[in-house]
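In: below are the sequence and a predicted model; questions follow.
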Amino acid sequence: MDEPTQYEPGSEHETRLLGQEAARALNQALTTAGLVLPSVEGGRSVRGTAIVRLGNAPAAEVVKLAHWIMERA
């Protein structure tokens, strides 16, 4: 997985880019694990903090994700 670019969120634009990049990184990691959360979306900023929305996800995918995490915890 590519390392996310390090930004010093000094502007709204940089913060939104960081959110988009974080969402891409999460989607890439989920794909590697054989999982899909179709509503993952980055690019929002709340009070200067990049936000990634995980959105709605099919229950079957959430159960797979929970099992994947528990097996590695």
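Out: That came through, no problem.

In: quick one: the strands in the protein?
Out: Here the chain has its strands, by DSSP state E, at 41-46, 49-53.

In: using JSON lines, please lay out those strands together with mean pLDDT and mean neighbour count.
Out: Any C-beta I mention is one placed from the backbone N, CA and C, and that applies to glycine too. As requested, the strands of the chain are arranged in JSON lines below (pLDDT from 0 to 100; neighbours: other Cβ atoms under 10 Å):
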{"stretch": "strand 41-46", "mean pLDDT": "88", "mean neighbour count": "16"}
{"stretch": "strand 49-53", "mean pLDDT": "92", "mean neighbour count": "16"}
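
In: dump those to CSV, plus distance to Glu12.
Out: As requested, the strands of the chain are arranged in CSV below (distance: least, Cβ to Cβ, whole Å):
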stretch, distance to Glu12
strand 41-46, 6
strand 49-53, 10
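
In: mind checking those strands for the one nearest to Leu26?
Out: The minimum distance between Leu26 and the strands of the chain falls on strand 49-53, with 6.6 Å, by Cβ to Cβ.
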